[in-house]
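> Based on what follows, work out the 3D shape:
(2 chains)
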Amino acid sequence: MSSTQHVLLSPAELAYLHASLSLTPPIRPDGRSPSQFRPLVAETGILPGTNGSARICFADGTEAIVGVKAEVERTRLAHDFDHNTFAAGSRLEGDFVEGSYAADAQVDAENVNEEQRVGDDDWVELTVEIPGYRDDDPGTVFLARMLGEALLADGEFARKLWINRRFHWKLFLDVILISPPLSYPLPLLSLTTHLALLSTRLPRLKSEGDEDPFFDDDWAAAPFIYSRNSSNSSSSSSSTTKDGKTSTTSRPPISLLVMAVGNNIIFDPSKEELAVADVALAVSVGEAPSAAAARGKDAMDVDTTTQDGLQRNLQILSVRTIDPPSRLTPPGVPNATNSAYGAAAVVASAQKQPEARAAESEAVEGVWKAPRGGARARVMAALVLEVLGRGGVADEVMDALDGVDLV
Amino acid sequence: MASIKRSLESDPFAANIASKVYVRSTKSGKVQKIVREVYLRQDIPCSSKLCRACLKTAPKDAAGRPIPFVLSDRPAGTSQFPQGHYLVPDTNAFLNAMDLFEQSSAFYDVVVLQIVLEELRNRSLPLYNRLVGLTKSEDKRFYVFFNEFRLETYIARDDGETVNDRNDRAVRKATKWYGEHLARSQPKGQAPAVVMLSNDRDNLRKAKLDGIPAFSLVEYVKQLKDGESLLDMIPESEDGELSKDKRLGEPIYPEYFTVSKMMTGVKAGLLHQGIFSVSPYNYLEGSIRVPAFPKALVILGRENINRAVDGDVVVVEVLPKDQWKEPSTQVIEEDNITKNENPDAEAGDDFVAGKERKALQEEVKRTHSKTTEGHAQPTAKVVGVIKRNWRQYVGHIDQSSVSQSAQQGRKQESVFVIPMDKKIPKIRLRTRQVGELVGKRILVTIDSWDRGSRHPTGHFVRSLGELETKAAETEALLLEYDVQYRPFPKTVLDCLPKEGHDWKVPESTDDPGWRDREDLRNLLICSIDPIGCQDIDDALHARPLPNGNIEVGVHIADVSHFVKPSNAMDAEASIRATTVYLVDKRIDMLPMLLGTDLCSLKPYVERYAFSVIWEMNPNADIVNARFTKSVIKSREAFSYEQAQLRVNDASQQDELTRSIRTLLALSKKLKHKRMDAGALSLSSPEVKVQMESETSDPIDVKIKELLDTMSLVEEFMLLANTSVAAKIYDAFPQTAILRRHAAPPKTNFDELSNQLRVKKGVELSVESSRALADSLDACVDPKEPFFNTLIRIMATRCMMSAEYFCSGTQSYPEFRHYGLASEIYTHFTSPIRRYADLVAHRQLAAAIEYEIVDPSVRSRGRLEAVCKNINVRHRNAQLAGRASIAYYVGQALRGKATEEDGFVMKIFSNGFVVLVPRFGIEGLIRLRDLADPEPVATYDAETYTLTTTGSREITVELFQKVRVKVTDQKDETTGKRGVKMELVRA
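Predicted coordinates for the structure are as follows:
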């Protein structure tokens, strides 16, 4: 799956589109503002058999569902070796059970503090399915890697899957695009995954310490993998205090598709807009451990007074450039070199003279030419500001996703 | 960005689809979320005979007839509801007071909600089975209403609601619906009230708020006519709040581990799971066999036993080595040590606990004084209970725990119940009818045993009658050994042949009954059984063949002709599994008509039989064997004695007698061969109680005589069983029902062989059954002919017990019958009184292609379940029979005092056990019984010698012959009559 969608636009149309998007402010074909998203339909809990699931349908007709399944898995000993003690070193190959149970280990188990809860990237398996593409298609694999990378970036997510030193949850995320890939599906898949993870619950653990895990059979008692107390923006002051207590992130990251045309940054590009992008970027944004909690109490008071009392501490987890489809668009031909306008001789001579070719690649106003080169530093800086700024795009998207009822 | 969520409510079918979500943890460690869709319907009937509306939609059976409604149209009233009422109990009501619901005086027309039934199954399987039994009984009118599937009574769980609260709400909702539903079809005020029963205060309060008639069990029972006497069946937890304050004492017992902790430990091999059993001599000593160790682990002391009751499945942890001990050499009986305990005051019993501790210290002292360290045995402590195996216990009230004032008043009071089974601890009971119950055999159950209470608490179920009356004691025995003694239900009797006693073998040989049957009516067949035997299973014949060989036939009653697989009679028989013989009573496996008439191979009449016919050469080697269904006509039914007389009487030269002589000669050869192969002749003290014929009061005790004719029958039965076993195993290698007797582990004989070596200088070799048989033969004391029997009795107790099994569950070498030294064995010869034989009959019939294989005798899972049940029942029947003999021996001795010879079987440091062969009883003689004051004694465990000094000087050794005075005695404190032995001289 590549981002290159065949767009049936003539070079002249492309040039026109490019020109209008380069204006300040840009004029988008559907009249949106640069940071405005198209409306979407979202619901969670659509697959009753899963631990968490979501469906999102974009306005352009693309639709995705994500199901999350969890299984209990035994943690490999090697892992315990790295992080735990060499005290148990005599039991090299043996199962961890042999050594770790019994009275002395029991005491240990009580001392497991937050630092010892370590996750492993292997604990999450994410597969993407795009209709019409093989699952080992480079595009599909790249998409899966990008989604997974953002998820695992800060190690917090895998830590949530820690049960005890001997067991962990293995999470299987099945990301399925159920419509044909009309546009580059990254934002759709990312948002759906985000929602599915928000609605994911794991059975409540009843056993203690390093015992074989034993779970509550009451599903209603199963806690959400992402604790819910800070996710609701409307409950203001009480949630902030709670926020201060939990130092872990309370929502999964999202990956947004952003494109730049000239100096303009455009969010949620439509298929046509993407066809003229100078640069297309996948930006993954996550919530960092609450800065307020890190800074301490007085700092938090300041925060509480700001805005509506809730402060997201966002950070960019990754930025990836995506090969924009505009690269493969056919270039327009300037009048000067167009033989139809009696310039046949010019063409013929240009073929002979290398300098004439250079002249051809000069940008001619109003003539479409596939973009080259990467993103400019200035664009990147503006992008970061736009995404992370207070009330910025990421904030807005997350607020919107908060509006979805979690089942 | 805007988001829209489509709500599920827009689904037009959502109203009648609900789902149930839960987490399932599998054995392999998987944890799954399970979603079940629930389709709600409106055609589930209320099953009240008053209701018209439900009649239309009621489900119909295969013939199109509607299934009859259960709940009466004229339900009983109470003082509050004169118009009648139906009951809707919640789960707690059943959990606490199942006995109440089983009463015949009240508790009719009960609606058992599905949610309650399911919850009950999760909480307690035995109670669930009892409730299912109730719903099946026609006269109790219990109806299971599937409230979770009926649209009107289904409720979804609210946010943040616990499962329990949700279920309670479902019960209230169903109760309410029932009330409204019935009111609709009845004239105003005439509809029966629908009353919810609960012991949950919160539930009751909410019901009252909703206007639903609801009562606690106590409130309800008080409205009934004979309510007072039923009040005792409501267990103590009922007034939980009240009694909780009282027992705020220090917890006496350590807390149990969590389930997950136990499971992890068991999996890791650090904890062990097994069935806990208590030593019959010392209630503070238990043992547990776990798969990890060849020998049982010992559990000593109250704290270590930690509220486990005999039979519970528990998890134990091995104690550190410095706490390992020798098993106790002391007799500790609960009655004596805790005699003065006060059931009301938990805190005040320090005195008693001190005594217990002292008993334990003595042990430690002795262990430490030992030089041989190797003697100490690993000990363990109970850390958790996987499954309680509490049942109903028969016992009587400890007279000394009853206060004087309680004898008259109706005040509720705590008393102790001493169970008949010594292995069960005393049970604390709260009752209002102490006065009536003292001196009666009563049935009680254990409700709980919490950490703060020294003894388990229970409640009264019913009274069996005065102590020592025949009816009460017999019923007590039957209950204690879980023998099904109720009369056969109608469904079973319906399976009997319609002709009743007039049934005859059809005259015409064209009748389908004659199909594939051999006509053996011309053979001279006779039966030999004990005197007065009515259920004659087997008959024999022998006749010379022209070639010099002998044809021998064993004919077994053809029970499988009358009991067809999987009908009600078969189901009942498979549950009963065996006929139980008590001294004065026989509890049949099959209805009388079959057992004593139609199947019984009575003389002079034609009967269906299943015959095993061998051709044998004069050396008793089998030339060939065949099996056939047949019709026989027995010429005579002999008793062993009659047959013996006839054989011995040389003047009797008729053909029948000659054939018995032939059989006898052959049987001796067979026996000889068997003994050569290493068969053991084991022994247990067997006596017979003689009854006065009219009052059937026991008058005397006799040792059973052994006659040649007994061994004649036995040999041919063994031969038939072995032949059949080989045949059915050949036909059904996976599912043949066989009987095996595992070789006992060598360690079982450690104690006995050590005793023999020390005392008699005899080596007991136990490598094989042959070696054991030989060394047992060598154990003779020329001066004491009984000594050999004594050793055999003791050796028998070291053996494993034989068991039925399904051939697919064991490998061929494991089939071996150790005692009989037979490679393969089954039971075939007593189908009237053993269910295993009946199964073997069906399998053999299929093996000889007489009939097609019934699925029930071919399904391994089913057969395994059958085997498991009959093994248990078989054992219980034996125990019940023995207990019955013991009781009657006691009764026969009543008021008499005789001096008898006895043998010392076991020595403790404060007493010894004497076996009196004359009565087949064992009795304990304690040091303090020898003289007053108690003589000082030293016990030498190395030489098994107990020497007393002081007030009486004697030396008692193991195996010593002693003279004892046997009297009967009633212990005034415990109300038990027992045989008491006094040492006359050592």
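> Report the buried residues of stretch B:743-758.
B:A743, B:P744, B:N748, B:F749, B:L752, B:S753, B:Q755, B:L756 (16 or more other Cβ atoms under 10 Å in any protein chain shown). C-beta here means a position set from N, CA and C on the backbone, and glycine is covered the same way.
> In which helix or strand does the residue of the stretch 1-150 of chain A found nearest chain B reside?
Closest approach between the stretch 1-150 of chain A and chain B, counting by Cβ to the nearest Cβ: A:F37, at 3.8 Å. No secondary structure element spans A:F37, as it lies outside all helices and strands (assigned by DSSP states H and E).
> I'd say it and A:A394 touch.
No. Distance between A:F37 and A:A394: 11.5 Å, which falls outside the contact criterion (Cβ atoms under 8 Å).
> Buried residues in the longest strand along chain B, which are they?
Among the segments of chain B that qualify as a strand by DSSP state E, the longest is strand B:622-639. Burial within strand B:622-639, assessed by neighbour count using 16+ other Cβ under 10 Å, is assigned to B:625, B:627-639.
> With distance to A:L328 and pLDDT added, can I get these in TSV?
Shown next, in TSV, are these (distance: Cβ to Cβ, whole Å; pLDDT from 0 to 100):
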residue	distance to A:L328	pLDDT
B:A625	91	92
B:F627	88	94
B:T628	91	94
B:K629	90	94
B:S630	95	93
B:V631	98	94
B:I632	100	94
B:K633	105	93
B:S634	104	93
B:R635	109	92
B:E636	110	91
B:A637	107	92
B:F638	109	92
B:S639	109	92
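> quick one: least confident helix or strand in the chain?
All of this refers to chain A. The weakest-scoring helix or strand in chain A, judged by mean pLDDT, DSSP states H and E, is helix A:237-245 (a mean of 36).
> think we crossed wires, I meant chain B
Per-element confidence for chain B was summarised using mean pLDDT, DSSP H and E. The lowest value among helices and strands belongs to helix B:240-246, with a mean of 42.
> Look up the pLDDT of the residue of the stretch 301-407 of chain A found nearest chain B for me, please.
Using Cβ to the nearest Cβ, A:A400 is the residue of the stretch 301-407 of chain A that sits closest to chain B, at 4.0 Å. You'll see A:A400 listed with a pLDDT of 82.
> Tally up the residues packed near it, please.
Here the count is done by other Cβ atoms under 10 Å in any protein chain shown, and A:A400 has 17 residues near it.
> need the next SSE after the least confident helix or strand of chain A, C-terminal direction.
Taking DSSP H and E as the definition, the helix or strand that follows helix A:237-245 towards the C-terminus is strand A:254-261.
> Can you spell out which helices and strands pack onto the next helix or strand after that following strand?
Secondary structure here is assigned by DSSP H and E; on that basis, the next helix or strand after strand A:254-261 toward the C-terminus is strand A:264-267. In this structure, strand A:264-267 packs against helix A:11-22, strand A:254-261, helix A:377-388, with contacts taken as 3 or more Cβ pairs under 8 Å, 6 or more residues apart in numbering or on different chains; DSSP states H and E.
> Identify the residues contacting the helix or strand just after strand A:264-267?
Proceeding C-terminally, strand A:264-267 gives way to helix A:271-274 as the next helix or strand, assigned by DSSP H and E. For helix A:271-274, contacts defined as Cβ atoms under 8 Å, 6 or more residues apart in numbering or on different chains pick out A:3, A:5, A:7, A:9, A:17, A:21, A:28-29, A:60, A:182-184, A:259, A:261, A:266, A:280, A:324-326.
> again, only using 7 Å
Taking Cβ atoms under 7 Å, 6 or more residues apart in numbering or on different chains as the criterion, the residues outside helix A:271-274 that touch it are A:5, A:7, A:9, A:17, A:21, A:28-29, A:60, A:182-184, A:259, A:266, A:280, A:324-325.
> what's the residue of the stretch 101-250 of chain B found nearest chain A sitting at in phi/psi?
Nearest residue of the stretch 101-250 of chain B to chain A: B:V163, at 5.6 Å (Cβ to the nearest Cβ). According to degrees, to the nearest 10, the main-chain angles of B:V163 amount to phi -60, psi -40.
> Quick check: A:G49 vs B:G895, distance?
76 Å (Cβ to Cβ, to the nearest Å).
> which residues does B:A380 contact?
Counting by Cβ under 7 Å, 6+ apart, B:A380 touches B:I288, B:L297, B:I299, B:V316, B:E317, B:V318, B:L319.
> Turn those into a markdown table, columns for distance to B:P251, secondary structure and pLDDT.
Output for the contacts of B:A380, formatted as a markdown table (distance: Cβ to Cβ, whole Å; DSSP: H, G, I helix; E, B strand; the rest coil; pLDDT from 0 to 100):
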| residue | distance to B:P251 | secondary structure | pLDDT |
| --- | --- | --- | --- |
| B:I288 | 23 | strand | 89 |
| B:L297 | 24 | strand | 86 |
| B:I299 | 19 | strand | 88 |
| B:V316 | 20 | strand | 91 |
| B:E317 | 19 | strand | 89 |
| B:V318 | 23 | strand | 88 |
| B:L319 | 20 | coil | 86 |
